Structure formats: C-alpha cells, structure tokens
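Asks: return a 3D structure for these sequence lines:
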Amino acid sequence: MIKVVFIDIDNTLLSFSGYVKTAMREGFEKFGLKPYSDDMFYIFENVNNGLWRRIEQGTLAFDELIKLRWNAVFKELGIDFDGEVFEHYFRERLFTCAIPEPHAIELLEYLKGRYVLCVASNGPYEQQINRLRVGRMYDYFTHFFISEQVGASKPSKEYFDRCFDELRAAEFPSLTPDEVIIIGDSVSSDIAGGVSYGLHTCLYRKGEMPAADTGGAEHVVSSLDEVKTIL
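Replies: Okay, here's the model as predicted:
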C-alpha cells in the first residue's frame, strides 16, 4: 500500500517551460538582444537538458551550470552577450515565478490527507521553496527533498537513501520503496531514479514526449488530473 508520494516541481507542479519563454521574451527586449521567437526556446531546452543530465550523472556541479548555461545558449543563437549577466537576471526572476501546471492544485488537494506528500526536486533549495510559497503549494507538503539541501541529486541512489533516512526517522521506521510513488516529468531523473530504487513511478508526459519514451514508468499520464485514477 502506498503511504508516501514524491512529487517533482519543474514542469510537474510548476511550469518551468512557460517561465523560460516569458523570461527569454522579456529579457531579450530588456537587454536589447534580437527579438525572441519560439524556436529559440528549443535551443535553450536542448542546452539546459544536456547540462542537467550531466548534473544527474554527477559530472557537473550546479554552480558550473549557472556559469555555462546562457553562454552556451547565446553561442547557439549567434548572440554576443555575457551569459552570466543574463543568468543573474534569469535566476532572480525565477525565484519569484510560479506558473502552475494545469490541475496541479487540484491534485494536491486530492492527495493531501490521503498520503504524506514530499517534494522531490533537483535545484537550489531557497529558490524552489519560495516558488512553492508563491504558488501556494508549500503547505501541502511535509518533507522537502531538494537536491541542494539533500546533498545529492535525482536519480542517484544516494539521493533516495537520504530521503528514506529522513522519512524513517520522522514517521515511517520500516518504510519500504514499494510504499512510495514518484510523480514527475523527467524520464532520466524522476523515472530512472524511481525505477532503480524500486519505487512506483508515474510519468507526467503532457503529450509532448514520444509514446515509447517512458523509461519503463509504471504509469503514464498526459494530465495531472489522471493521477487521481491511480492513487
């Protein structure tokens, strides 16, 4: 029987993609860069996803990502601008941005009281906590497993070991992986980590991912509202 639900933040509870598009459009205008177009977002997405995969694999530190990310994006776009300056603007805005994914609040309302809810996110702790507060989602959660504070990142075994250590010390002394489900949008992070650790897994696909690319997820949903049929 499932007792604990791990939920990712970016592009699961809060729309990171929606934020990026807005930040690029407004930031390019602010700094006098070439006008934003939607094809530029996909350049960002490819660069950003590649860097995060390196973090997940343990070959890149987050502090290195924030130095590399926008310089790499601007190189691909043929824009001559200091990427670290834009990164500062980007992260400052992200700190207070909370665009909910469709049905995210309704899902949390449904799950609250039925299960112990835990944030499971890779990223900076204060940033992610503040975004949950701005999005009025913070109070639904009992535990906040955010990589900067945990000291390890999804999908590593060390990340999940530390999450389980906290849960066992707090309220579930004999908690086993088959009593936990993880819900997230990332095959390489949420699903790979969950499958490897023995958790139940639910991929939030949003209709944007090839049907075969599910990473062996036990459940696949295209809307967060569908999670209610699983839990």
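Asks: tell me where the protein has helices.
Replies: 16-30, 38-56, 62-77, 83-94, 104-111, 125-134, 147-150, 157-170, 192-197 (DSSP state H).
Asks: quick one: residues contacting the closest residue to Ser189 other than its chain neighbours.
Replies: Leaving out its chain neighbours, the residue that sits closest to Ser189 by C-beta to C-beta, 6 or more residues apart in numbering is Lys154, at 4.4 Å. (Each C-beta comes from the backbone N, C-alpha and C, glycine too.) By C-beta atoms under 8 Å, 6 or more residues apart in numbering, the residues touching Lys154 are Glu56, Ala120, Asn122, Ser147, Phe160, Ser186, Ser189, Asp190, Gly193.
Asks: next: Ser121.
Replies: By C-beta under 8 Å, 6+ apart, the neighbours of Ser121 are Asp8, Ile9, Asp10, Gln128, Phe145, Ile146, Ser147.
Asks: just flag the most distant two among those residues.
Replies: Spanning the widest gap among these are Asp10 and Phe145, at 14.1 Å by C-beta to C-beta.
Asks: so where's this structure uncertain?
Replies: For the chain, the stretches flagged by pLDDT under 70 are 207-212.
Asks: any idea which of the contacts of Ser121 is closest to Met1?
Replies: For these, the nearest to Met1 is Phe145 (21.2 Å; C-beta to C-beta).
Asks: now what about stretch 99-118, what contacts it?
Replies: 2-7, 11-15, 18-19, 135-137, 140-145, 163, 167, 171-172, 204, 223-225, 227-228, 231.
Asks: at 7 Å what do you get?
Replies: 2-7, 12-15, 18-19, 135, 137, 140-143, 145, 223-225, 227-228, 231 (C-beta atoms under 7 Å, 6 or more residues apart in numbering).
Asks: ok, now stretch 24-33?
Replies: Lys34, Pro35, Tyr36, Met40, Phe41, Phe44, Ile79, Phe81, Phe86, Tyr89, Phe90.
Asks: ok, and the most crowded of those?
Replies: Phe86 (23 neighbours; other C-beta atoms under 10 Å).
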